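[1] Next input, structure requested:
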Amino acid sequence: MSEQSPAGEARDPDALPEYAERVLEVAERIPPGRVMTYGDVAEWLEEGGPRQVGRVMALYGGAVPWWRVVRSDGVLLPGHELRALAHYRAESTPLKQAGRSAAGHVPRLDMRRARWDGGAGAEGHI
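    Predicted structure coming up:
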């Protein structure tokens with residue numbers, strides 16, 4: 001038995017959930033060198049919360065600039081720090097030098113300077 005949409009039409013089993021598509025569209029809009037937090041993305045969409053955005057990014061974010069959707073404290077994504085750091089350096093994303101006590105001396109994002117509010121070129125909410 002195939003899945004049916006509410007309108008009775010067959011649904012594409014490979015299609016992304018609508019919320020995931022919207023989250024990924026926001027991630028693609030973030031300019032190089034800037035970031036949005038998981039909560040910022042949820043607020044931009046006026047739906048969900050940081051955990052829902054994080055889940056979407058974990059499941060589907062590999063095809064978009066995932067390194068631009070970040071934790072609010074500026075800590076780089078655990079397990080992906082070096083890959084993300086390479087992107088941040090290539091895009092000149094503002095960073096704060098890590099203290100000696102920081103694990104691996106990996107810098108953090110300078111959230112005050114790197115955070116993007118969706119303005120300057122954004123075309124309204126998705």
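
[2] Would you mind listing where this protein has pLDDT under the threshold?
    1-14, 99-104, 120-126 (pLDDT under 70).

[3] just so I have it, where are all the helices in it?
    Ranges of helices in the chain, per DSSP state H, are 18-29, 38-45, 50-60, 81-91, 111-114.

[4] Mind giving me the packing neighbours of the last one?
    Using 3 or more Cβ pairs under 8 Å, 6 or more residues apart in numbering; DSSP states H and E, no helix or strand is in contact with helix 111-114. (Glycine included, C-beta is placed from N, CA and C.)

[5] Name the residues of it that are buried.
    Within helix 111-114, the residues that count as buried by 16 or more other Cβ atoms under 10 Å are 111, 114.

[6] Now find how far off-centre that helix is within its chain.
    Distance of helix 111-114 from its chain centroid, counting by Cα atoms, centre = their mean, to the nearest Å, is 15 Å.

[7] Likewise for the third one?
    Computed by Cα atoms, centre = their mean, the separation of helix 50-60 from the middle of its chain amounts to 8 Å.

[8] Can you name every helix or strand that that helix contacts?
    helix 18-29, helix 38-45.

[9] Would you mind listing the outside residues contacting the shortest one?
    The list of residues contacting helix 38-45 from outside it, by Cβ atoms under 8 Å, 6 or more residues apart in numbering, reads 19, 22-23, 26-27, 36, 48-54, 57, 69-72, 115-118, 125-126.

[10] Please pick the buried ones from those residues.
    19, 22-23, 26-27, 36, 48, 50, 52-54, 57, 69-71, 115-116, 118, 126.

[11] Including distance to residue 95, could the helices and strands packed on helix 50-60 go into CSV?
    Listed next are the helices and strands packed on helix 50-60 as CSV, based on distance: least, Cβ to Cβ, whole Å:
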stretch, distance to residue 95
helix 18-29, 20
helix 38-45, 18
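
[12] For residue 91, find the nearest of those helices.
    Residue 91 lies closest, by Cβ to Cβ, to one member of the helices and strands packed on helix 50-60: helix 18-29, at 13.9 Å.
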